[in-house]
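*Asks:* show me how the following folds:
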Amino acid sequence: MAAGLVLAVGGCGGGTDEKADASGRASAEPTPTRPPSKELVKWVGDMCVQTSALKDLRAESAADLKQIRNPDEVGSDAQFFAVSYLSRTPLAVDDVESALTELDPSGVSAADRLRNALLKKVKGVADHLDEVSPIDAVDDAEGVQSLTPPQPDLLALTKKDPQLAAAYQRAEQCAPGWNPDEEAASPTPTGPLPKAADGRNTDACSDGKCEILVTSAVDITANGVSVHVTAGDGSVTFQTPSAIMNLGGQGSEARFGDDLKATVVALNEDGAVVKFTIP
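*Replies:* Modelled structure (predicted):
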């Protein structure tokens, strides 16, 4: 009886140790992370695109403002650079604002807070740029240069959320060295330009209605609006005393108040066919 009791106790003790070992091994194994949803991967990718766009915008803005502020380099062209800066930069900021506004909630609270904070900063700068005149452009560095990602940024958040980290790894836009220009850029047409109704005759534009061929730089006056038009390398630039607009796509339009509208009928590396009409 005593021997039997000892054996029984010994057997129970051995069983307890085995269960503890099994439990220890099970708890040491990491819980597998379920794959992120396609929606989250897209959301993270879109955030990486906008973060990259703002980084490029800050760099371009810094270079532009350096030109505006250094009269020894730009001389009498300082005003031109200021007008150019204020015609391009607000559009770029507006593009980022629109993209962030269209982002649906990610489902990750911290990520959504990051998006909301960044959108607030972008909206503030967009409103600021709308009120800046060319004379004030020299003081605008604080506006665009403030467009840095709020902290903690997206990469920092991935270290705290496995789902966000998995989505970040799958989003190609977040990969090191990803170039947004390679994906977004569309090839410039290389075929011959169609015949322009008025050829190179810029005088035909005086009444505000014409279709001309532009292969370098021309000055036109259409419906009382004086416009300097430059075409080449797959884009068309329209410059007036108060604005500069650069168009790079067939069918794109430039408006000059209620007096004139320019439409890019066709373009290639050599020039463009531009149609002027009265809105």
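
*Asks:* please look at residue 94 and residue 123 and confirm they touch.
*Replies:* No: if you go by C-beta atoms under 8 Å, residue 94 and residue 123 don't touch, sitting 9.9 Å apart. From N, CA and C alone the C-beta is placed, and that goes for glycine too.

*Asks:* so residue 90: helix, strand or coil?
*Replies:* helix (DSSP: H, G, I helix; E, B strand; the rest coil).

*Asks:* right, and it touches residue 131 too?
*Replies:* No: using C-beta under 8 Å, residue 90 is not in contact with residue 131, being 10.2 Å away.

*Asks:* so between those two, which is more surrounded?
*Replies:* Taking other C-beta atoms under 10 Å, residue 90 and residue 131 do not tie; residue 90 has more neighbours (19 against 7).

*Asks:* angles on the backbone of residue 271, please.
*Replies:* With angles defined as degrees, to the nearest 10, residue 271 sits at phi 170, psi -160.

*Asks:* check contacts around it.
*Replies:* 193, 213-216, 231-232 (C-beta atoms under 8 Å, 6 or more residues apart in numbering).

*Asks:* try it again at 10 Å.
*Replies:* 193, 196, 213-216, 230-234, 236 (C-beta atoms under 10 Å, 6 or more residues apart in numbering).

*Asks:* check which helix or strand residue 239 maps to.
*Replies:* strand 235-240 (DSSP states H and E).

*Asks:* list the helices and strands that strand packs on?
*Replies:* Strand 235-240 is packed against helix 78-102, strand 217-222, strand 225-232, strand 243-247, strand 253-256, strand 260-267, strand 272-277, with contacts defined by 3 or more C-beta pairs under 10 Å, 6 or more residues apart in numbering; DSSP states H and E.

*Asks:* can you tell me which residues contact residue 157?
*Replies:* 44, 47, 108, 110-111, 113-114, 164-165, 168.

*Asks:* that older thread, need the helices and strands packed on strand 235-240 in TSV (columns: distance to residue 151 and mean pLDDT).
*Replies:* Output for the helices and strands packed on strand 235-240, formatted as TSV (distance: least, C-beta to C-beta, whole Å; pLDDT from 0 to 100):
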stretch	distance to residue 151	mean pLDDT
helix 78-102	17	79
strand 217-222	46	92
strand 225-232	43	88
strand 243-247	34	78
strand 253-256	39	88
strand 260-267	42	92
strand 272-277	45	95
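
*Asks:* out of these, deepest packed?
*Replies:* Highest mean neighbour count among these (mean count of other C-beta atoms under 10 Å): strand 272-277, with a mean of 22.

*Asks:* quick one: that one to strand 217-222, angle?
*Replies:* Between the axis of strand 272-277 and that of strand 217-222 there is an angle of 10 degrees, by axes from the mean of the first three to the mean of the last three C-alpha atoms, to 10 degrees.
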